[in-house]
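**Q** Below are the sequence and a predicted model; questions follow.
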Amino acid sequence: MKWWYRSSYTVQQILLLPFSWIFSSIVTMRYFLYRFGIKKSIRFSVPVIVVGNITVGGTGKTPLVIWLAHFLKSRGFQPGIVSRGAGGKKQFVPCWVEKNSDPNKVGDEAVLIARQTDCPLVIGIDRAAAVKELLSKTQSDCVISDDGLQHYRLARDIEIAVVDGARSLGNRSLLPAGPLREAPSRLKRVDFIITQGKELQLKGNVLVAMQNKNNSVLLEKWRGKTVHAVAGIGHPERFFSALDAAGLTVIPHEFPDHYQYKASDLVFSDSLPIVMTEKDAVKCEKFCDERFWYLPVKAVIDEELGEKIIKRISFS
């Protein structure tokens, strides 16, 4: 919600503050139940790296997961990945994700990760059960959890929190009065804090045709062109601003995060190109035509971070 990121409180936020205090109490109590062993965390024989955030909405953790998977593979590791499967159907039993899996079932981010990493991937509400399933059928020697910073049932060796450099922690209130899942002090307990826009840069300068992925064009070649820009992500303004900065004239179409598109959602009264994020594109392949393009982005990160992670897991 956009008002979470305003500098001053609205009447609506003030009315919601008591519910935030209740939520904060529940979150704190839950943490201490795990902290003192009243509720049990499940630890595995291989290192577990959790990449998450303490805010609701996109911060860039999925591109970081993809980058980290490639980095670990380049150093001789065989990473496996687990995720909740956000945007898909709730999986109470561990579910394997393939490159051609239905994003409406397993989630858009999970399909994107499977396609870009070629790593074994299991999703499920219970991340510990997902790791157990993953390790039982693969030779993975380390596990990356996409999200799950608050999933204390899964013991972890390294925690990486991703923070949005533009929006930061918003009004610093917990849900529902603000965007926080946990208090800002939670960041003091993680191993690494990665800020998008600083340590983590998202780069993309090539548009790819959805009907024929061999057909691509440099984004700069479309300078001055008017396009329909479609985004169903946590922070759609970032995508619209990137296209605008490249010189495109943007007609924005904002959808909820993880929105499951229908062909009728993208019927416009003209024949202008339709440009979307890659996460949105995986859900629109069945009904795309020659107007549909997507802008893939990759995380650009100093490899020093990866080396620090490897050093940490080598002694875990």
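**A** Received the coordinates, thanks.

**Q** Residue 251 contacts residue 230, doesn't it?
**A** No: with contact defined as Cβ atoms under 8 Å, residue 251 does not count as touching residue 230 (9.6 Å). In this view, the C-beta of every residue, glycine as well, is placed from N, C-alpha and C.

**Q** Look at these two and report which has more neighbours.
**A** Between residue 251 and residue 230, residue 230 has the larger neighbour count (other Cβ atoms under 10 Å), namely 26 against 16.

**Q** and the more buried one, that one's in a helix?
**A** No: read with DSSP: H, G, I helix; E, B strand; the rest coil, residue 230 is strand and lies in no helix.

**Q** What residues does it make contact with?
**A** If you count contacts by Cβ atoms under 8 Å, 6 or more residues apart in numbering, residue 230 has them with 253, 255, 266, 274-277, 280.

**Q** Among those residues, name the ones in helices.
**A** residue 280 (DSSP state H).

**Q** which residue ranges form the helices in this structure?
**A** Using DSSP H, helices in the chain cover 11-35, 61-74, 103-106, 108-117, 127-137, 236-245, 278-281, 303-314.

**Q** Go ahead and measure how far the longest one is from the middle of the chain.
**A** I take that to be helix 11-35. 24 Å (Cα atoms, centre = their mean, to the nearest Å).

**Q** what's it in contact with?
**A** Taking Cβ under 8 Å, 6+ apart as the rule, helix 11-35 contacts 3-4, 39-41, 150, 152-153, 171, 173-178, 181-183.

**Q** picking up where we left off before, and the helices of the chain: which comes nearest residue 206?
**A** helix 278-281 (11.1 Å; Cβ to Cβ).

**Q** What lies in contact with that closest one?
**A** 62, 108-109, 112, 210, 230-233, 255, 259, 261, 288, 292, 294-297.

**Q** buried ones in stretch 288-306?
**A** 288, 291-297, 299, 301, 305-306 (16 or more other Cβ atoms under 10 Å).

**Q** May I have that stretch exported as CSV, CA atoms only?
**A** Extracted in CSV, the C-alpha atoms of stretch 288-306 (Å, rounded to 0.1, in the frame of the first residue of the first chain):
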residue,chain,number,x,y,z
CYS,A,288,0.8,-13.4,-26.0
ASP,A,289,1.1,-12.1,-29.6
GLU,A,290,3.6,-10.1,-31.5
ARG,A,291,2.9,-7.0,-29.4
PHE,A,292,4.2,-8.6,-26.2
TRP,A,293,7.8,-7.9,-24.9
TYR,A,294,9.5,-8.3,-21.6
LEU,A,295,12.6,-6.7,-20.0
PRO,A,296,14.8,-9.2,-18.2
VAL,A,297,17.0,-7.9,-15.4
LYS,A,298,20.0,-9.4,-13.7
ALA,A,299,21.5,-8.7,-10.3
VAL,A,300,24.9,-7.0,-10.4
ILE,A,301,26.7,-7.6,-7.1
ASP,A,302,30.3,-7.4,-6.0
GLU,A,303,31.7,-11.0,-5.9
GLU,A,304,33.2,-10.2,-2.5
LEU,A,305,29.8,-10.9,-1.0
GLY,A,306,29.8,-14.4,-2.6
